[in-house]
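1. Provide a 3D model corresponding to the input given below.
(2 chains)
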Protein chains: 2
Amino acid sequence: MKIIVDCYGGDHCPVEAVAGAVAALEKLPELSVVLTGDEKEISALLQGHKYDRGRLEVVNASEVITNSDPPAKAVMRKKDSSTVVGLNLLKEGGADGMVSSANTGALLVGGSIILGLSEGVTRAALCPVLPNAKGTYTILADGGANIDCRPEQMVEFAVMGSVYMREMFNITSPSTGLLNNGAEAEKGNEQTKAAYKLLTETKGINFVGNIECRDLLTGAVDVIVADGFNGNIGIKASEGMGSVLFGLIKEGIMQGGLRAKMGYLLLKPVLKKVKNKMSSDDVGGAVFLGMKKVLVKTHGSGKAQAFMNAIIKAHGMAKSGVPAKIEDGLRFR
Amino acid sequence: MKIIVDCYGGDHCPVEAVAGAVAALEKLPELSVVLTGDEKEISALLQGHKYDRGRLEVVNASEVITNSDPPAKAVMRKKDSSTVVGLNLLKEGGADGMVSSANTGALLVGGSIILGLSEGVTRAALCPVLPNAKGTYTILADGGANIDCRPEQMVEFAVMGSVYMREMFNITSPSTGLLNNGAEAEKGNEQTKAAYKLLTETKGINFVGNIECRDLLTGAVDVIVADGFNGNIGIKASEGMGSVLFGLIKEGIMQGGLRAKMGYLLLKPVLKKVKNKMSSDDVGGAVFLGMKKVLVKTHGSGKAQAFMNAIIKAHGMAKSGVPAKIEDGLRFR
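-> As a prediction, the model looks like this:
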């Protein structure tokens, strides 16, 4: 399997993207990578790494799509950007998947237009794969790409998320919940009530009913279906609470004198493990579902580990043929 | 000021409600309380407490509204419940405010019908007053009572929340943000885009634009305006993250051997302080805004401290005349 790594657009690019690609090559012997971006700069960076030269190539691209670029315009105008060059290469069959930390909107627009949407898909979804308290993962479909969704689209999200969890985590019948303002069947706003009804009638998914956002990270279900607006609220509230809590703990330690500092030194491995467990670096980013080819988005602030994990994820998705299986899932729903 | 305490309906009622009322009497010399519920049971509980008898009375009520009761039916049929008896007493001028841990829906319906809505208010809002990382508070209007809100209603929430923060926390011009899926002005779904426009045109509020749910607990603004569906998602996601993180830390300590256990013992005061700071017990519950009289909801699982804080809050709201000032605010917007 060959995965394209867009080496520009993220906060720590290209340094961390290149390091992540090299680390992924080390991890997966059957992997090869194509790095897109400024060939000179990338080559210079590669000189600091040891890697199998036969499995790495660089394709030059002279432009960069930044986070302040308007997505559609950037895709149309920056034809020689590391992102667009990568997407075109992927479309033409030059690789099996792609990883990028660039502008999410540009990836959504660019991926939908250049790669195309799978048969039966109205809109591609951006789905974070969240670590949960059980030590497994939950996919959130959609995590922020689509707002004001029609209930029919939310059924597509449910099917796509279920296919992903089945193929990537070997879960025969992934449990699927609808993000709602209460667990009871009659709860919801107009949109979620309509989606609830459609989801109960959808074949090929294991719909278990409504779930509250309290269960976003508990592992109560494998797939959480949401309008991207609500998915975004839930994810960001969780991130906010996480950073507030760790911030307050840190502040408490600083002000807590010797006792607290000693306690921290002893408890550091535990706190670090918890932080890592719930961090996005470990997860390797969100996946776009519904496009004809595999596209994985790494966090804009992602470092080498995040890139490596995203590449491994893209490799797994390509190997399992997730895009084709999504088409199957939507055909037989 | 006289505050009614509905002693039934919560998980730890009536024991903790009675204890909370006694604790509040101790804190506030100018407070008197009326306890509603089973007179015999309440009197028996009071024998275990010391308090100023001249400032406490009990009004008998033979029924209890439970969490499984359908709200509207419960209010209509359980006329002799501790909740309805309390609301009627409040309406008739027998007190200045009321605190209850009963069924939220019943309080919303009962409060709106029995107490009535303030002039200019379409729907009452249920507003959690959240502790934030700055050590101050942020009010979320609405936190879950109203879904599928019209943008005009969200303007009412903004005005009501601003009046509350001004009166209760002495903030001259409370900063007000709209909960949205991005900070930029053009972000949002149809509803929030329309609300954004109206909020910029509203007099008497200090609208600072969109805020992301990451800032729910950072203290970035004093008032967060939201459709109750999204408010609910944000609050529950935060609660979920909080309990997942503390759960994982606990698990890590259990599995971390002697070193982790010693670290925990030393760091316990810090962790406990952080937990208390962000807990709902300390906050004393959510306030209903938009009703003609003061009504405060304590968490169903609230203990004595939560009741005490809710009573102190209701007392403060009554003293400041929050309901009348909300009418003023809505008149001059």
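2. how much space separates residue A:95 from chain B?
-> 31 Å (Cβ to the nearest Cβ, to the nearest Å). (C-beta placed from N, C-alpha, C; glycine too.)
3. same question for residue A:256.
-> 5 Å.
4. list the contacts for that residue?
-> Contact analysis of residue A:256 by Cβ atoms under 8 Å, 6 or more residues apart in numbering or on different chains lists A:263, B:267, B:269, B:270.
5. for chain A, which segments count as strands?
-> Assigned by DSSP state E, the strands in chain A fall at A:2-6, A:32-37, A:56-60, A:97-100, A:125-131, A:137-141, A:175-179, A:206-211, A:223-225, A:286-289, A:294-297.
6. now do the fifth one against strand A:137-141, angle only.
-> Spelled out, it's strand A:125-131. Strand A:125-131 runs at 160 degrees relative to strand A:137-141, counting by axes from the mean of the first three to the mean of the last three Cα atoms, to 10 degrees.
7. tell me what strand A:125-131 is packed against?
-> Secondary-structure packing of strand A:125-131 (3 or more Cβ pairs under 8 Å, 6 or more residues apart in numbering or on different chains; DSSP states H and E): strand A:137-141, helix A:151-169, helix A:228-255, helix A:280-283, strand A:286-289.
8. ok, which of these comes nearest residue A:57?
-> Proximity to residue A:57, assessed across the helices and strands packed on strand A:125-131 by Cβ to Cβ, is greatest for strand A:286-289 (23.6 Å).
9. given that closest one, what are its sheet partners and their directions?
-> Partners of strand A:286-289 in the sheet, by DSSP bridges, are strand A:125-131 (antiparallel), strand A:294-297 (antiparallel).
10. hmm, who's touching the first one?
-> Strand A:125-131 is touched from outside by A:104, A:108, A:137-146, A:156-157, A:160-161, A:164, A:216-217, A:228, A:235, A:277-278, A:280, A:282-290, A:297, A:313, with contacts defined as Cβ under 8 Å, 6+ apart.
11. and the angle from it to helix A:228-255?
-> Going by the same axes, to 10 degrees, strand A:125-131 makes 30 degrees with helix A:228-255.
12. wait, residue A:329 sits on residue A:162?
-> Yes - using Cβ atoms under 8 Å, residue A:329 is in contact with residue A:162, at 6.9 Å.
13. okay, and the common contacts of these two?
-> Once Cβ under 8 Å, 6+ apart is applied, the residues that residue A:329 and residue A:162 both contact turn out to be residue A:204.
14. returning to that earlier point: buried ones among the contacts of strand A:125-131?
-> Buried members of these, scored by 16 or more other Cβ atoms under 10 Å in any protein chain shown, are A:104, A:108, A:137-146, A:156-157, A:160-161, A:164, A:216-217, A:228, A:235, A:277-278, A:280, A:283-290, A:297, A:313.
15. on that earlier part again, make CSV out of the strands of chain A and add mean pLDDT and distance to residue B:17.
-> What follows is the strands of chain A, written out as CSV (pLDDT from 0 to 100; distance: least, Cβ to Cβ, whole Å):
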stretch, mean pLDDT, distance to residue B:17
strand A:2-6, 98, 59
strand A:32-37, 98, 64
strand A:56-60, 98, 68
strand A:97-100, 98, 56
strand A:125-131, 94, 38
strand A:137-141, 96, 38
strand A:175-179, 98, 33
strand A:206-211, 97, 31
strand A:223-225, 98, 36
strand A:286-289, 96, 46
strand A:294-297, 97, 50
